[in-house]
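Visitor: Need coordinates for the below:
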Amino acid sequence: MRQNIGNAKGDRKGKRTPPSVMTLVLMAGTSVLAMNVFLPMLPEIARELNTTPAIAQSVLTLFLATTAVSQLIIGPASDRFGRRPVILVCCVIFILATIVCLAATSIEMLLFGRVLQATSAANIALSRAIIRDLYDREKAASMIGYVTMAMAVIPMIGPAAGGVIGEMFGWRGPFGLLLITGVFILIVVYFDVGETHTPVRSPVGEQFRDYGSLLKEPLIWGYIGSSTLSSGAYFAFLGGAPFVGETLMGLEPAELGAYFALVALGYMFGNYLSGRYSQAVGLEPMMAYGGIVAAAGMVLALYLMTFHEPQALFLFGPMMFVGIGNGMSLPNANAGAVSVRPDLAGSASGLAGFMQIGGGAALAALSGMLITEANQGMPLYIIMFVSSVAGAAIAGLMYIAMRRGAKMGA
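Guide: Down below sits the predicted model:
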């Protein structure tokens, strides 16, 4: 049920009224765009800035790692100061960071800009917290599903657009697109994102200590563990797919970007299923079903890439099932995590984001280090398979535990 947010009708638009769903989509989409729009250009970044492919891949992995850590700060800060001011500050930092990336003349300068760009994590973490501010547990899962379904359009077109723009303007082109997007989002946020949370007037240090109480909640470990491993397969894919696509399959940047759209299409469909069925089916069953679908997709990919000549569709096609599975499980896992302690929704969202993206950064870095032309990208498929199966297993155990608990309470 939607909560009453102050005297919204009497307050000026943009200060107190809650944001529209489209604004939440655009906010979260900015973070996703910053994550993947340049992926087809990673090989060119390595050539132009005179570095190795492994170091160039840090443009992604360092961004993911910093995004993870920043969410540990952003979450409690939003509980203490409110959602709106934290989002506005982070939008400004993102714009300045993107200018640094555009002006980069060395890989070190580019990586510095990417570290600052990670403040866009506020948009993902706080869009979830805002939804939890407004809706109860089951409805929040449906709303997160619908928001991420619409948001999935961005990763579908982001790498494709980045590949085309990169072929036209070089590797800086995608960062030019990010600058335009950052300015646009700042304007939208200023005029449409009202405050949905009553700030907790306690010292910031006490807000960070609340992480200790969150970590003592057994349920949050299940939700975060399942979502971290499920999304880990996708992040490992982001880290390894550019190398596999260009080196092993001979794909051009625009082609590689177009194939990424298949994964996003699957994710969008999975998000639709979450939005449509989460309230009726329940969070834990949807997590378990999504984990099974993702694991099945990786079984298929592992079989095709092991026993057949590597082809783009053999890798990207089964990844659609990973997208569907993640689209089913992640909105429910995130809604569950921020509902364990509704009074600390911002902190819980930041903690969940830290674990998901931090784990993803580690798996992306691992896949990038292990993949070689000699092993035909096999480590990538194995990492994705193990991560998907483990995520499905945790979701299944939570589902079984919830059913047993329900029977005992009946």
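Visitor: Tell me, please, where in the stretch 251-400 of the chain the pLDDT is lower than the cut-off.
Guide: 343, 345-346, 373, 376 (pLDDT under 70).
Visitor: All the helices of it, in order from the start?
Guide: 253-281, 283-307, 312-340, 345-370, 378-409 (DSSP state H, counting those that start in this stretch).
Visitor: Which neighbouring elements make contact with the longest one?
Guide: Helices and strands touching helix 378-409, by 3 or more Cβ pairs under 8 Å, 6 or more residues apart in numbering; DSSP states H and E, are helix 218-243, helix 283-307, helix 312-340, helix 345-370. (Each C-beta comes from the backbone N, C-alpha and C, glycine too.)
Visitor: Now do it against helix 312-340, angle only.
Guide: Helix 378-409 runs at 40 degrees relative to helix 312-340, counting by axes from the mean of the first three to the mean of the last three Cα atoms, to 10 degrees.
Visitor: can you check the shortest one too?
Guide: Direction vectors for helix 283-307 and helix 312-340, defined by the same axes, to 10 degrees, enclose an angle of 160 degrees.
Visitor: Using a markdown table, lay out the helices of the stretch 251-400 of the chain together with distance to residue 110 and mean neighbour count.
Guide: Shown next, in a markdown table, are these (distance: least, Cβ to Cβ, whole Å; neighbours: other Cβ atoms under 10 Å):
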| stretch | distance to residue 110 | mean neighbour count |
| --- | --- | --- |
| helix 253-281 | 17 | 22 |
| helix 283-307 | 31 | 23 |
| helix 312-340 | 27 | 26 |
| helix 345-370 | 17 | 25 |
| helix 378-409 | 24 | 19 |
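Visitor: Just put these in TSV and tack on distance to residue 68.
Guide: As requested, these are exported to TSV (distance: least, Cβ to Cβ, whole Å):
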stretch	distance to residue 68
helix 253-281	20
helix 283-307	21
helix 312-340	15
helix 345-370	3
helix 378-409	16
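Visitor: So for residue 84, which of these sits nearest?
Guide: helix 345-370 (12.1 Å; Cβ to Cβ).
Visitor: other SSEs contacting that closest one?
Guide: helix 53-56, helix 58-81, helix 121-134, helix 204-215, helix 218-243, helix 312-340, helix 378-409.
Visitor: Out of those, the one nearest residue 39 is which?
Guide: That would be helix 218-243 among the helices and strands packed on helix 345-370, by Cβ to Cβ, at 5.5 Å.
Visitor: before we move on, back to that, out of the helices and strands packed on helix 378-409, which comes closest to residue 397?
Guide: Of the helices and strands packed on helix 378-409, nearest to residue 397 by Cβ to Cβ is helix 218-243, at 7.5 Å.
Visitor: The helix or strand harbouring residue 91 to helix 345-370, inter-axis angle?
Guide: Using DSSP states H and E, the element containing residue 91 is helix 83-103. When the same axes, to 10 degrees is applied, the directions of helix 83-103 and helix 345-370 differ by 20 degrees.
Visitor: Buried residues in helix 83-103, which are they?
Guide: The neighbour-count check on helix 83-103 (16 or more other Cβ atoms under 10 Å) flags 83-84, 86-87, 90-91, 93-95, 97-98, 100-101 as buried.
Visitor: and those as TSV, adding distance to residue 305 and pLDDT?
Guide: Shown next, in TSV, are these (distance: Cβ to Cβ, whole Å; pLDDT from 0 to 100):
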residue	distance to residue 305	pLDDT
83	43	83
84	46	86
86	43	87
87	41	87
90	39	89
91	40	90
93	40	92
94	37	92
95	40	93
97	36	93
98	36	94
100	38	94
101	33	92
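Visitor: Could you dump those residues into JSON lines and include distance to residue 26?
Guide: Shown next, in JSON lines, are the buried residues of helix 83-103 (distance: Cβ to Cβ, whole Å):
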{"residue": "83", "distance to residue 26": "15"}
{"residue": "84", "distance to residue 26": "15"}
{"residue": "86", "distance to residue 26": "17"}
{"residue": "87", "distance to residue 26": "12"}
{"residue": "90", "distance to residue 26": "14"}
{"residue": "91", "distance to residue 26": "11"}
{"residue": "93", "distance to residue 26": "18"}
{"residue": "94", "distance to residue 26": "13"}
{"residue": "95", "distance to residue 26": "15"}
{"residue": "97", "distance to residue 26": "18"}
{"residue": "98", "distance to residue 26": "16"}
{"residue": "100", "distance to residue 26": "23"}
{"residue": "101", "distance to residue 26": "20"}
